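> Sharing a sequence plus its predicted fold:
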Amino acid sequence: MKAICATDLSAASEATIESETCLECLGRIGVDEIHLVTVIPSNVHAGMPGIDFEGRRERALDRYRGVIEGAGFDVEAHVVRGTPHRRINGIAETVGAGLTIVGSRGKSPLENRVIGSTARNLARTTVVPLLVNRIEREAEEPDVVREHLFQRMLYATDFSDNAQAAFETFSYLRPATREATLVHVETPKDPDVPERADPATQLDELAGRLEEWDIETRIDVRQGDPADEILAAESEHDPTTILVGSRGHSRLRRLLLGSVSGDVVARATGNVLLVPPRGA
């Protein structure tokens, strides 16, 4: 599988790329080729006073390439100009990537670096599964917040088609996954959502599939605001990554997926794996 690793050459990006445990986890789920992508925003010019863009970019990319090749991956670098999330999505489609990875320093709206704003924009527009790798916010030499990316997963579902597509990613995550918590948040009845079976029963069925793959599984049915409850479940169960789809049932209200997935990406403490609809 090919993966896109988006970098703005910041310390947050460096933490993502140089984390041995992150690279090991990518190898375990079948990634064998990594495309480094750095996008120079259209309003940034190489000749701006005091900024050695060319030299800094080449030094960083050479170092990143060396680290990734040393971990056993094939590497290709792409340096492009334009709007970061659009160019990243375009390269992902062009090379046939199965995953896009972007580092994010977390929740503060003031931390609006290229990579921070790009993570939010990718969460809205990604065409392939997007892994937002959470990086320590205030450290001068930050590290990843959660190691072993897929070891403990928290899967949030509203039982929509896109939520089911997100669940299917366990088919390739399973070599790296040891535990999974399956979460459903009950909300007031929405007219767009058909009647469904008892949520605990549905979660039990999904748990049975994961247990066949030797993944230790628990279920958690909650009531309330979906984004708030998913984040409360993250705090309680301490997963390494939240797995969620990017679309849900309702076009009228904030059910589990859609705007809620954006809230989860923005507010989660740890990593988030966001899966777009099939054919997005």
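Yep, that arrived. Numbers count the residues shown, from 1 in each chain.

> If E33 is in a bridge, with which residues?
K2, D74 (DSSP bridges).

> Neighbours of it, how many?
16 (other CB atoms under 10 Å). All C-beta spots, glycine's among them, are computed from the backbone N, C-alpha and C.

> so how far is Y155 from it?
Using CB to CB, to the nearest Å, E33 is found at 27 Å from Y155.

> neighbours around R218, how many?
R218 - counted by other CB under 10 Å - has 12 other residues nearby.

> Isn't it up against A200?
No - using CB atoms under 8 Å as the test, R218 is too far from A200 to be in contact (11.6 Å).

> Check the average confidence over the host helix or strand of D204, would you?
For D204, the enclosing helix or strand under DSSP states H and E is helix 199-212. Averaging pLDDT along helix 199-212 yields 95.

> Stretch 56-65 too?
On average, stretch 56-65 scores 80.

> For that stretch, list the C-alpha coordinates in CSV.
Extracted C-alpha coordinates of stretch 56-65, given in CSV (Å, rounded to 0.1, in the frame of the first residue of the first chain):
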residue,chain,number,x,y,z
ARG,A,56,15.9,24.2,4.4
ARG,A,57,13.6,22.2,2.2
GLU,A,58,16.3,20.1,0.6
ARG,A,59,18.1,19.4,3.9
ALA,A,60,14.8,18.4,5.6
LEU,A,61,13.7,16.2,2.8
ASP,A,62,17.0,14.4,2.5
ARG,A,63,16.9,13.7,6.3
TYR,A,64,13.3,12.5,6.1
ARG,A,65,14.1,10.3,3.1
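
> can you pull out the strands in this structure?
2-6, 33-40, 74-81, 99-104, 130-134, 152-156, 179-186, 216-223, 241-245, 271-275 (DSSP state E).

> got those strands as JSON lines, with mean pLDDT and distance to N162 columns?
Listed next are the strands of the chain as JSON lines, based on pLDDT from 0 to 100; distance: least, CB to CB, whole Å:
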{"stretch": "strand 2-6", "mean pLDDT": "93", "distance to N162": "21"}
{"stretch": "strand 33-40", "mean pLDDT": "90", "distance to N162": "25"}
{"stretch": "strand 74-81", "mean pLDDT": "89", "distance to N162": "28"}
{"stretch": "strand 99-104", "mean pLDDT": "88", "distance to N162": "17"}
{"stretch": "strand 130-134", "mean pLDDT": "90", "distance to N162": "13"}
{"stretch": "strand 152-156", "mean pLDDT": "97", "distance to N162": "12"}
{"stretch": "strand 179-186", "mean pLDDT": "95", "distance to N162": "14"}
{"stretch": "strand 216-223", "mean pLDDT": "96", "distance to N162": "20"}
{"stretch": "strand 241-245", "mean pLDDT": "95", "distance to N162": "4"}
{"stretch": "strand 271-275", "mean pLDDT": "93", "distance to N162": "7"}
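
> Many thanks, we can stop here.
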